[in-house]
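>>> My questions are about this predicted structure, shown below with the sequence.
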Amino acid sequence: MIAKELPILKETSSGLHRNSDAPMPGSQGAQASLKPRSAAVLIPLVKSNGDWHVLYIRRASNSRDRHSGQVAFPGGATEPTDTSAVHTALRETYEEIGIENARIKIIGQIDNYYTISDFCVTPVVGIVEWPANLKLQQSEVARAFLIPLDWLCDEHNFTFRARAEMDAQSAKRHPIIVYNEYDEETLWGASARMTVNFIKALNDKSILLPH
C-alpha cells in the first residue's frame with residue numbers, strides 16, 4: 001500500500017516533531033534493536049529564482065531495497081572509512097547525484113533520526129551551489145527534483161497517516177507524515193519527518209540560512 005492510500009488520522013502539532021519512525025527501543029511496541037546501524041543524509045538547500053528549495057531524490061526501483069521508489073534525501077549507511085556523519089553525507093551525495101564536496105557548504109546538523117529499518121540517521125544540512133550539473137547513479141536514483149521551502153513549511157500541505165503494518169492503537173500513537181503531491185512526487189515517512197524537524201531547527205534558529 002502506498003503512502004497516499006493510508007488512512008488519514010487527526011493529529012495535532014504536538015505530534016509533529018519526532019525522532020523516530022516507530023516506538024523507540026524499550027518502549028511499548030518497539031521492535032528496533034538497541035544498536036541500530038549508523039547512516040547520514042544530506043538535506044541539500046538550493047537558492048533558485050530568489051527562493052530557497054530543498055533538493056530531493058526518488059530512489060530507483062529495486063526489489064532488494066525496502067525504500068525502493070520512495071522520495072528521499074541523498075545519503076546512506078556509514079562506511080568504515082568515513083570519519084564523520086558529514087563525510088558520509090557528502091560521499092553518498094557525490095556517489096548518488098554527482099555533486100562535488102567543494103560545491104556544498106555545510107551549515108549544521110539536526111538531531112539523529114531512528115528509522116523503522118533500524119538505522120540511526122544523522123541529517124546534515126548543506127547549501128548547494130546552483131545550478132549544478134547532476135549526474136544520477138541510475139542504479140540507485142531515478143530522479144532528482146526541487147520542492148520550495150515555503151511550500152514544505154505550510155502545514156496545510158501534509159496530513160498524518162496510519163502506518164499499514166501497525167495495529168490501530170500503535171498506528172494512532174506513531175503516525176507517519178504524508179505531504180501532498182508536488183511535481184508528481186509524494187514525500188512521506190522518515191524523509192518527511194526529517195523535513196519537518198529541519199524546519200523546526202530553522203524556526204528555533206539552531207540552523208541559520210544566509211540572507
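Here it is on my side, so go on.
>>> for the protein, where's the lowest mean pLDDT among helices and strands?
Sorting the helices and strands of the chain by mean pLDDT, DSSP states H and E puts helix 168-173 at the bottom, at a mean of 65.
>>> and the very next helix or strand once past that one, what does it pack onto?
On the C-terminal side of helix 168-173, the nearest following helix or strand under DSSP states H and E is strand 176-179. Packing partners of strand 176-179 (3 or more CB pairs under 8 Å, 6 or more residues apart in numbering; DSSP states H and E): strand 158-161, helix 190-203. From N, CA and C alone the C-beta is placed, and that goes for glycine too.
>>> Output the shortest one as PDB - backbone C-alpha positions only.
Taking only C-alpha atoms (Å, rounded to 0.1, in the frame of the first residue of the first chain), the coordinates of strand 158-161 have been written out as PDB:
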ATOM      1  CA  PHE A 158       0.600  17.400   4.600                       C
ATOM      2  CA  THR A 159      -1.500  15.000   6.600                       C
ATOM      3  CA  PHE A 160      -0.900  12.400   9.300                       C
ATOM      4  CA  ARG A 161      -1.500   8.800   8.200                       C
END
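>>> strand partners of that strand, parallel vs antiparallel please.
When pairing is defined by DSSP bridges, strand 158-161 lines up against strand 8-9 (antiparallel), strand 176-179 (antiparallel).
>>> Toward the C-terminus, what is the element adjacent to the first one?
Using DSSP H and E, the helix or strand that follows strand 8-9 in sequence is strand 37-48.
>>> show me the contacts for the residue lying closest to Arg161 once chain neighbours are set aside.
Counting by CB to CB, 6 or more residues apart in numbering, Arg161 lies nearest to Leu6, which is 3.9 Å off, once chain neighbours are set aside. Leu6 is in contact with Arg161, Ala162, Arg163, Ala164, Ile176, Val178, counting by CB atoms under 8 Å, 6 or more residues apart in numbering.
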